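Peer 1: Need a 3D model of the sequence below.
(one chain, ligands or ions: 1)
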Amino acid sequence: MSASPRTVENTTIDRAPVTVTSLLQQKRQGRKMVMVTAYDYPSAVVAEQSGVEMVLVGDSAATTVLGLDSTVPATMDELLMLGKAVRRGLKATFMVSDLPFGSYEASDYEAVKSAQRFVKEAGAQAVKLEGGGVMIDRARAIVNAGIPVVGHLGLTPQTANALGGLRAQGKKAEQAAQMVLDALALQDAGCCAIVLEAIPAAVAEELMPLIEIPVIGIGAGASTDGQVLVWHDLLGLLEGHTAKFVKQYANLHHEMVAAVASYADEVRDGVFPGREHTYAIPPEELQRFQGSLAQIHGAEPSEVEGHPA
Ligand code: KIV
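Peer 2: Residues are numbered from 1 along each chain as shown. Have a look, this model is predicted:
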């Protein structure tokens, strides 16, 4: 196994499509799986070329690309539009779309209708919903409609108000035990995977031997079958606070500001555009053009073709 950075040259572009079956097989073989969020075509292309197994069109788009301060306001239309763009950039990668807050909680009917839109309109291969309790019924209803579902337990940002804020969950024994029961119930409901967010590593370690479907962690330690990170966190696309569980693999914000500032400097200094960025005209055409300009200069504006007085 190599820890050296991957380059574009050694990326795997042609590979077998990832499916719910291949993910299950991967878990059984003990091979770690990788998920990243993506919200548009270019990020999907990068994810695809990087060889990750899964892309999540997360409702984290509300904060990362829409500039909102929580995931709660994300709408169906916004996530569908982002999902469609992501779909165009993916080939083999398995695409999961988040069901936004308010699109699935009230009834099984609404949950199925919303999930169907992500499959039909955005081409999602699975949908993700947050929470245990009654959400397990919603998950089962969607699964029964033939749509793979990813559960999400631990810190569930859509209901952060009820959790007392964006904070680690499962630090109390009863809460941790309830999480295990919810994970088992989601599995029983037919979920194809579960995301565990911001829970003690030791709780995840106890839970892992009990769960047969892939478990993807974010802030749940190293024992899960795979990891997910938010695109903007992993690439350092935004400045500011990040959660304890984030590892930043690049500082693209810094690089982008430097690039745009260089562009601005070069425009102001007359360095850009250079000759290599300009189009040529054959010399005889230029001469003819200059000749016609001389005529235009000598003419009254009203006499110039196409220029009414
Ligand atoms: O919306 C999102 O990005 C998520 C991940 C943090 C798992 O739900």
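Peer 1: what ranges do the helices span in the stretch 101-250 of the chain?
Peer 2: With helices called from DSSP state H, counting those that start in this stretch, the stretch 101-250 of the chain shows them at 108-122, 135-144, 160-163, 173-188, 201-207, 231-235.
Peer 1: Of all these, which one is nearest residue 290?
Peer 2: helix 231-235 (50.1 Å; C-beta to C-beta). Just so you know, the C-beta spots here come from the backbone N, C-alpha and C atoms, and that holds for glycine as well.
Peer 1: Residue 84 is in contact with residue 41, correct?
Peer 2: No: with contacts counted by C-beta atoms under 8 Å, residue 41 stays clear of residue 84, the gap being 9.3 Å.
Peer 1: Spell out which residues of the stretch 151-300 of the chain are next to the ligand.
Peer 2: Within the stretch 151-300 of the chain, the positions lying close to the ligand (C-beta under 6 Å from any ligand atom) are 195, 197, 218, 228, 230.
Peer 1: Let's have these in JSON lines, adding neighbour count.
Peer 2: Shown next, in JSON lines, are these (neighbours: other C-beta atoms under 10 Å):
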{"residue": "195", "neighbour count": "26"}
{"residue": "197", "neighbour count": "22"}
{"residue": "218", "neighbour count": "25"}
{"residue": "228", "neighbour count": "26"}
{"residue": "230", "neighbour count": "23"}
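Peer 1: Show me which of those is closest to residue 173.
Peer 2: residue 197 (19.2 Å).
Peer 1: Could you pull up the contacting residues of that closest one?
Peer 2: By C-beta atoms under 8 Å, 6 or more residues apart in numbering, residue 197 lies in contact with 152-157, 169, 217-220.
Peer 1: Ok, residue 93 next?
Peer 2: Counted by C-beta under 8 Å, 6+ apart, residue 93 has contacts 18, 44, 47-48, 52-55.
Peer 1: how does this structure divide into domains?
Peer 2: As recorded under automatic domain parsing, the domains making up the chain are 20-247, 283-309.
Peer 1: which residues of the protein score low on pLDDT?
Peer 2: Of all residues in the chain, those with pLDDT under 70 make up the ranges 1-13, 299-309.
Peer 1: quick one, strands of it?
Peer 2: With DSSP state E as the criterion, the chain has strands at 33-37, 54-57, 94-98, 126-128, 149-154, 193-197, 215-218, 226-229.
Peer 1: deepest of those strands, which one?
Peer 2: strand 54-57 (a mean of 29; mean count of other C-beta atoms under 10 Å).
Peer 1: can you tell me how far the residue nearest to the spatial centre of the chain sits from residue 86?
Peer 2: Of all residues in the chain, the one closest to the mean position by C-alpha atoms, centre = their mean is residue 38, 2.0 Å from it. Going from residue 38 to residue 86 by C-beta to C-beta, to the nearest Å gives 5 Å.
Peer 1: Could you name every residue contacting both of these two?
Peer 2: By C-beta under 8 Å, 6+ apart, the residues touching both residue 38 and residue 86 are 44, 55, 57.
Peer 1: from the chain, which residue is nearest to the ligand?
Peer 2: Relative to the ligand, the nearest point of the chain is residue 58 (2.5 Å; C-beta to the nearest ligand atom).
Peer 1: Report whether the expected contact of that residue with residue 229 is present.
Peer 2: No: in this structure, residue 58 is not within contact of residue 229 by C-beta under 8 Å, at 10.5 Å.
Peer 1: Find the residues that touch each one of the two.
Peer 2: Counting by C-beta under 8 Å, 6+ apart, the contacts common to residue 58 and residue 229 are residue 37.
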